[in-house]
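In: I need the structure of the sequence given here:
(one chain, ligands or ions: 1)
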Amino acid sequence: MKACFMGLGYIGLPTAIIAAKHGVSVTGVDINPKVVEMTNAGRLHIVEPGLEAMLQEVVKDKTMHASTAPETSDAYFMVVPTPFKEHHEPDVSYVEAATRTVLPYLKEGDLYVIESTSPVGTTEKMAKIIFAERPELEGKIYIAYCPERVLPGNVIYELVHNDRVIGGLDPQSTEKAIEFYSQFVQGTLHRTNCRTAEMCKLTENSSRDVQIAFANELSLICDKAGINVWELIDLANKHPRVNILQPGCGVGGHCIAVDPYFITAEFPMESKIIATAREINNYKSFWCAERVQNEMLKFELKHHRKPSVAMMGLAFKPNIDDLRESPAKHIVAKVMQSCNDADIMIVEPNVREHAVFKLTDCATAYEKADIVVFLTAHDPFRKLPWREDKIILDFCGIYKK
Ligand code: SAJ
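Out: Model (predicted):
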């Protein structure tokens, strides 16, 4: 079996490699020649533990190669980004461009799958484009939607072991897609239609966003009420049917802070909780930045000098080096804009250097700072002793008690 993966990013590349490892003959396609070149040289352009060795294996035994153009295959997978445009409207132009690229290669009996997170109705929309250009294929190819669910950092395990939802344009398409994924997925493959599968992906990430917003809202209430939010959540979670997530300095990454907008853009009247959750999680980052700015001002008034401030963490979640859409990064940028020459030290133990931010090592910054701001709960920060002589703004629960 030959498969073509359109897009060699955080999901497309690992999926292509795992499929190749399970005997599928894979062409990985990317518009970026540098990505193609690196992939063919057995080098990863993303960070994912264990994946590079696997890439080298499949490149060496020629089960996978990369190219800037597709090749005739039996199955085609769209794994390209779906960002949003102005006013948070989903942008499916990359999915459409990838679809148009594979159009001339499609033949009777082929499977076409969208994996990219997509607004409801995208699979049907792409089917229309395909059949408008290739009417002879109507009813003769299989079209399905199958979203991924993997957590960066644990991709190899989760790609194989997670359950997946597979929704075809018709039941035959669902079965054909199930047949493909069965080659490497050990989790259960759940059958549905394409609209439900599209909505399922959006629902999973919106559900998490809403739950985090609840925790963030509690943190704002507790701050006013003089209650330790971490202790409160720990205690409330002792109830057998309560499971509150953790507050933080906002929600980042490319998924949870984006996907809910795919629902609110299309169903603005109905998606009240989902829209409000987004607002709360965005507001939490503004609130954190303002808290830092206020503390700096208070310090200056009291001590008649500007404070040294340590901003601890830039990544969008603990123990990773991924700074994409990171609330911590936005907070640091906002504080720096208004710092009036105060000494701001930035600490990110998972990154060696950064083009915009000058980084300071953890121990030096902590020792030197008058104000310490914890933005990301990286493990090394948890080893730092509590210091009574410093002003500590702990937005991510480093010192829960
Ligand atoms: N966060 C909190 N409090 C929490 C948990 C997370 O503030 O209690 C924040 C994190 O700090 C981070 C953001 O939420 O800024 C997102 O982190 P995450 O670990 O919740 O999720 P992602 O974005 O790394 O991955 C999510 C996962 N989806 C769900 O858990 C429902 C993953 O399974 C998906 O595959 C991925 O989105 C995706 O690609 O859609």
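
In: For the residue lying farthest from the centre of the chain, what are phi and psi?
Out: Using CA atoms, centre = their mean, the residue of the chain lying farthest from its centre is residue 304. It sits 43.1 Å away. Taking degrees, to the nearest 10, you get phi 50, psi 30 for the backbone angles of residue 304.

In: Residue 309 too?
Out: phi -120, psi 130.

In: Let's verify residue 76: helix, strand, or coil?
Out: Assigned by DSSP: H, G, I helix; E, B strand; the rest coil, the conformation of residue 76 is strand.

In: Kindly report the same for residue 206.
Out: helix.

In: where's it relative to residue 278, distance?
Out: 9 Å (CB to CB, to the nearest Å). Where C-beta positions appear, they are placed from N, C-alpha and C, glycine not excepted.

In: can you list residues touching both of the two?
Out: The contact sets of residue 206 and residue 278 overlap at residue 260 (CB atoms under 8 Å, 6 or more residues apart in numbering).

In: The nearest residue in space to residue 255 that is not next to it in sequence: what's it in contact with?
Out: In this structure, residue 255 finds its nearest non-sequential neighbour in residue 205, 5.3 Å apart by CB to CB, 6 or more residues apart in numbering. By CB under 8 Å, 6+ apart, the residues touching residue 205 are 117, 255, 256, 258, 259, 260.

In: Please name the nearest non-neighbouring residue to the fifth one.
Out: The spatial neighbour of residue 259 that comes closest, neighbours along the chain excluded (CB to CB, 6+ apart), is residue 205 at 4.0 Å.

In: Quick check: the one you found vs residue 388, distance?
Out: Where residue 388 is concerned, residue 205 sits at a distance of 41 Å (CB to CB).

In: so what's the backbone phi/psi at the nearest residue to residue 206 once chain neighbours are set aside?
Out: Nearest residue to residue 206 in three dimensions, chain neighbours excluded: residue 260, at 4.2 Å (CB to CB, 6+ apart). Main-chain torsions, residue 260, degrees, to the nearest 10: phi -60, psi -30.

In: so what's residue 260 scoring on pLDDT?
Out: On the pLDDT scale, residue 260 is placed at 97.

In: Neighbours of it, how many?
Out: Per other CB atoms under 10 Å, the neighbour tally for residue 260 reads 28.

In: Now do the same contact list for it.
Out: Residue 260 touches 202, 205, 206, 209, 271, 274, 275, 277, 278, counting by CB under 8 Å, 6+ apart.

In: can you tell me which of these are up against the ligand?
Out: residue 205 (CB under 6 Å from any ligand atom).

In: nearest to the ligand, of the contacts of residue 260?
Out: For the contacts of residue 260, the minimum distance to the ligand (CB to the nearest ligand atom) is 5.0 Å, reached by residue 205.

In: Could you check the pLDDT of that closest one?
Out: On the pLDDT scale, residue 205 gets 97.

In: what ranges do the helices span in the stretch 201-350 of the chain?
Out: 229-236, 259-264, 272-303, 327-337 (DSSP state H, counting those that start in this stretch).

In: Could you list the residues in contact with the last one?
Out: Outside helix 327-337, the residues within contact range by CB under 8 Å, 6+ apart are 248-252, 284-286, 288-289, 292-293, 296, 309, 311, 313-316, 323, 344, 346, 357, 373, 375-376.

In: Tell me the buried residues within these.
Out: For the contacts of helix 327-337, a burial check counting by 16 or more other CB atoms under 10 Å picks out 248-252, 284-285, 288-289, 292, 296, 309, 311, 313-316, 323, 344, 346, 357, 373, 375-376.

In: State the number of residues packed around residue 295.
Out: Applying other CB under 10 Å, we find 18 other residues in the vicinity of residue 295.

In: Correct me if wrong: it contacts residue 393.
Out: Yes - judged on CB atoms under 8 Å, residue 295 makes contact with residue 393 at a distance of 6.4 Å.

In: which residues are in contact with both of the two?
Out: In contact with both residue 295 and residue 393: residue 371, using CB under 8 Å, 6+ apart.

In: Does residue 201 touch residue 259 like I think?
Out: Yes - look at residue 201 against residue 259 with CB under 8 Å: they come within range, at 7.1 Å.

In: any residues in contact with both of those two?
Out: By CB under 8 Å, 6+ apart, the residues touching both residue 201 and residue 259 are residue 117.

In: ok, and the closest non-adjacent residue to residue 223?
Out: residue 229 (7.5 Å).

In: I'd say that neighbour and residue 248 touch.
Out: No - using CB under 8 Å as the test, residue 229 is too far from residue 248 to be in contact (11.0 Å).

In: Determine the residues that are contacts of both of the two.
Out: In contact with both residue 229 and residue 248: residue 215, using CB under 8 Å, 6+ apart.

In: how near is the residue nearest to residue 206 to residue 329?
Out: 20 Å.

In: Near the ligand, which residues of the stretch 101-250 of the chain are found?
Out: Residues of the stretch 101-250 of the chain that fall close to the ligand, judged by CB under 6 Å from any ligand atom: 148, 149, 150, 151, 152, 204, 205, 208, 212, 245, 246, 248.

In: So which of these is the closest to residue 173?
Out: residue 148 (18.2 Å; CB to CB).

In: While we're on the closest residue to the closest one other than its chain neighbours, how confident is the model there?
Out: Excluding the flanking residues, the one nearest residue 148 by CB to CB, 6+ apart is residue 11, at 5.0 Å. As predicted, residue 11 sits at a pLDDT of 95.
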